[in-house]
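**Q** Sharing a model that was predicted from the sequence below.
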Amino acid sequence: MRAATPSWIETLDPNLQTTFEYAIYEHLIGIDTEGNFIPELAESWSLSNDGLVYTFKIRKGVKFHNGDPLTSADVKFSLERIMRTGSMSPWKGQYSATIDRIETPDDYTVLVYDKFVDYMFYTGLWGCPILPKKYIEENGDKYFNEHPIGTAPWKFVRLTPGVSIEFEAVKNHWRITPSFAKLIVTLVPEASTALAALRHGETDVVAVNMDDALKVRNEGYELRILGRPISPVICFTNTWAYKGPLSDLRVRKALSLAINRRQIADTFFNGLAEPGGVLWTAPTSWGYDPSWKADPYDPTTAKALLAEAGYPNSFENPEITIYSHMATSWLPDLTLIISGFWEAIGVKTKVVPIDMGQLRGMMYVQAPALTGATCIWPMPTMQVSIPFLKSAIHSQGNWQLLHDATWDALWASISKEPNPDKQIALFRQTVNYMLEQHVVPGIVNLYSYFAVSDKIGDWTLRFQYDIWGNFAGIKQK
C-alpha cells in the first residue's frame, strides 16, 4: 500500500513527539470506534479501594519487532521515561504530577502508585506508548530514534528524510495482521502533486481538502472519512476582564444565533461538514452527549437579545475585533463570513489580520489586546477532552476563556468520582455549563477526507484518531 501525506514530524521516538506513533507502537489501553476504553497491551486494569493504586495485568505472548517479549519491566520503563528530564511527551506534566512510584511484582503485573486520588487518571495512561527497555538501554536513545521498534502491526524499515517512510507488516500479529505486506508513505506537501500521483496510479491513499474532495469524487474515486473531526470554534477572549459587549451573555448568545451554520456547512464547506462543534469533543469522544446540538440560525431572537442587553448604546465601545489568521487556508474567508452574519444583526465588527503564532502567544497570557475581541480556531477533537477543556476554559488554564468558579468546581469533581457512569454525568454537566455561557460556540464539524485507489477495500478503522493508527485496518481488494 502506498500513501501520500502533506506533512509529518520527522522523529521516531514518541517522547520527542512523532507523527508515526500509532503505526509503530501500542499502548496499555486502547480505544474503540465508539470512544470506549478497551484492553490493549494491558488485558485488564483495576483501582484500589483507596483510589491510589492502579493495577495493570499485561498481555502475555506479545513481542517487540526484534522478537523480545513484552514484560512489565517495559511498561515501567516507558512510564518513567515519559517523566524524565528532556521528554517532550504531552503527557509528561500529568504523569509527573500524579505518579508517585511504579512497581512490578512479576513479569505481567504493573502497580502505579499515585500521589493523590484521581479516578480519571486511567484516561491519561492510554497515551503512553510502550517501548522496549532492554533495546533502548543497550543501544541508546539516538539509535532508538533512528531504528525504532514497538509492538504494533507495522515494523519500521527505513526513513528517507523529507521523502518517504517504509514499513513491513508483522505476520501473525496478536491484534491484527495488515492486508498489505508493505506500507510506503511519501511526503508530498502540494495537494496537486499528491492528486496527480493518485491519478497516475502511483499512490493509493491521499488526504484531500474540501475543494479537491468533490472534484476527485466526480472523477470516480471513492472518498473515505477518518474518524474524529476538527471543529472551528469562536473564542470570545477575556470576557471576564472588562465590562463590554462580550462580557454580556446575551450578546455572546446573540452572536451565536446570528450564524447560519447549515449554509456554511453546505455552501462554504461544499457539504463536507455538519453544523455543530463542541470544544475538543467529538461525537466519538468519551462522555459525548448526543443532545449537544449547534445553536439554530435565529437572527430575530439574536436582535431581541441585543436590544435587551442595550447594544450598542449601553457600551462605551460596541465594536468587536475579530482577529483573522491562517491556521488553515480557508480560515480567513470563514472569518469574513462570520463577520458578515454579525454585521447583519447590527453588530459592529473590525477584522484584524494577525500572525497565527502571535495570536497563540497572546492567548496564553490573556493579552489586553484580546479583551473585547474574538477569533476562530480550527480545534482538533480528542478522545478524552477533560484535560484539554481545563487548558482552554479553567481560570488557571492556558486560555482562561470562562474564568468561572462554578465551572472550575464542576471540572474538579469529575476526577474525584469513582463511579464511571457518574463520571460521565459530571462531565456532561461541566460541558453543558460551558455551552450555556457561550464563550466558545462551535460552527461546524469538519471531517478529514481521503481519496483512495481501486486497490483499497474496506476501511476498517481501529479508532478515531489519525491515519497512522488505521493503516493496518485498511483492506486490500
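**A** Noted; the coordinates are in hand. Numbering: from 1, shown residues only.

**Q** next one: stretch 113-131 to chain centre, how far?
**A** Distance of stretch 113-131 from its chain centroid, counting by CA atoms, centre = their mean, to the nearest Å, is 18 Å.

**Q** Now it - C-alpha only, CSV.
**A** Provided in CSV are the C-alpha atoms of stretch 113-131 (Å, rounded to 0.1, in the frame of the first residue of the first chain):
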residue,chain,number,x,y,z
TYR,A,113,1.0,4.4,42.9
ASP,A,114,-0.5,7.9,42.7
LYS,A,115,0.3,10.8,44.9
PHE,A,116,-3.4,11.7,45.2
VAL,A,117,-6.8,10.3,44.2
ASP,A,118,-7.6,10.8,40.5
TYR,A,119,-10.3,8.4,39.3
MET,A,120,-9.8,9.6,35.8
PHE,A,121,-6.1,9.0,35.5
TYR,A,122,-6.5,5.8,33.5
THR,A,123,-7.8,8.0,30.7
GLY,A,124,-4.4,9.6,30.6
LEU,A,125,-2.5,6.3,30.7
TRP,A,126,-3.9,5.3,27.4
GLY,A,127,-1.5,7.9,25.9
CYS,A,128,1.7,6.1,27.0
PRO,A,129,3.4,4.1,24.1
ILE,A,130,5.1,1.0,25.4
LEU,A,131,8.8,0.9,24.5
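
**Q** Give the next helix or strand downstream of the strand ranked longest in the chain.
**A** Longest strand in the chain, counting residues (DSSP state E): strand 222-237. Note on strand 222-237: by DSSP states H and E, the next helix or strand toward the C-terminus is helix 249-257.

**Q** In terms of secondary structure, what does the helix or strand just after that following helix contact?
**A** Remark: after helix 249-257, the chain's next helix or strand is helix 261-263, criterion DSSP H and E. Using 3 or more CB pairs under 8 Å, 6 or more residues apart in numbering; DSSP states H and E, no helix or strand is in contact with helix 261-263. Using the backbone N, CA and C atoms, a C-beta is placed for each residue, glycine as well.

**Q** from the chain's centre, how far out does helix 261-263 sit?
**A** Per CA atoms, centre = their mean, the centroid offset for helix 261-263 relative to its chain is 24 Å.

**Q** what's the domain layout of this structure?
**A** Per the record, the chain has its domains at 37-133, 230-447, by automatic domain parsing.

**Q** Tabulate those in JSON lines, adding columns for mean pLDDT, mean neighbour count and distance to residue 166.
**A** Formatted as JSON lines, these follow (pLDDT from 0 to 100; neighbours: other CB atoms under 10 Å; distance: least, CB to CB, whole Å):
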{"stretch": "domain 37-133", "mean pLDDT": "94", "mean neighbour count": "17", "distance to residue 166": "14"}
{"stretch": "domain 230-447", "mean pLDDT": "95", "mean neighbour count": "19", "distance to residue 166": "27"}
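
**Q** now the longest strand of the chain against helix 249-257, angle please.
**A** Relative orientation of strand 222-237 and helix 249-257, computed by axes from the mean of the first three to the mean of the last three CA atoms, to 10 degrees: 160 degrees.

**Q** Dump the C-alpha coordinates for strand 222-237 into CSV.
**A** Taking C-alpha atoms only, strand 222-237 is exported to CSV below (Å, rounded to 0.1, in the frame of the first residue of the first chain):
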residue,chain,number,x,y,z
GLU,A,222,-14.0,6.9,-3.5
LEU,A,223,-13.8,9.2,-0.6
ARG,A,224,-13.2,7.8,2.9
ILE,A,225,-13.7,9.6,6.2
LEU,A,226,-11.2,9.4,9.1
GLY,A,227,-12.9,9.4,12.4
ARG,A,228,-12.9,12.5,14.6
PRO,A,229,-13.4,15.9,13.1
ILE,A,230,-11.8,19.3,13.6
SER,A,231,-14.2,21.9,14.9
PRO,A,232,-13.8,25.6,14.1
VAL,A,233,-14.9,27.4,17.3
ILE,A,234,-15.3,31.0,18.1
CYS,A,235,-13.2,32.0,21.1
PHE,A,236,-14.6,35.0,23.0
THR,A,237,-11.4,36.1,24.8
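
**Q** Which neighbouring elements make contact with it?
**A** Strand 222-237 packs on helix 210-218, helix 249-257, helix 331-344, strand 373-380, strand 444-452, strand 456-459, going by 3+ CB pairs under 8 Å, 6+ apart.

**Q** cutoff 6 Å now
**A** strand 373-380, strand 444-452 (3 or more CB pairs under 6 Å, 6 or more residues apart in numbering; DSSP states H and E).

**Q** Could you check the angle the longest one makes with helix 210-218?
**A** Translated: strand 444-452. Using the same axes, to 10 degrees, the inter-axis angle of strand 444-452 relative to helix 210-218 is 40 degrees.

**Q** ok, the residue lying closest to residue 248 once chain neighbours are set aside - contacts?
**A** Nearest residue to residue 248 in three dimensions, chain neighbours excluded: residue 309, at 4.8 Å (CB to CB, 6 or more residues apart in numbering). Contact partners of residue 309, counting by CB atoms under 6 Å, 6 or more residues apart in numbering, are 248, 250-251.

**Q** got it, and residue 370?
**A** Applying CB under 6 Å, 6+ apart, the residues contacting residue 370 are 237-238, 362.

**Q** can you tell me how far the residue nearest to it when sequence neighbours are not counted sits from residue 87?
**A** Spatial nearest neighbour of residue 370, excluding adjacent residues (CB to CB, 6+ apart): residue 237 at 4.0 Å. Using CB to CB, to the nearest Å, residue 237 is found at 31 Å from residue 87.
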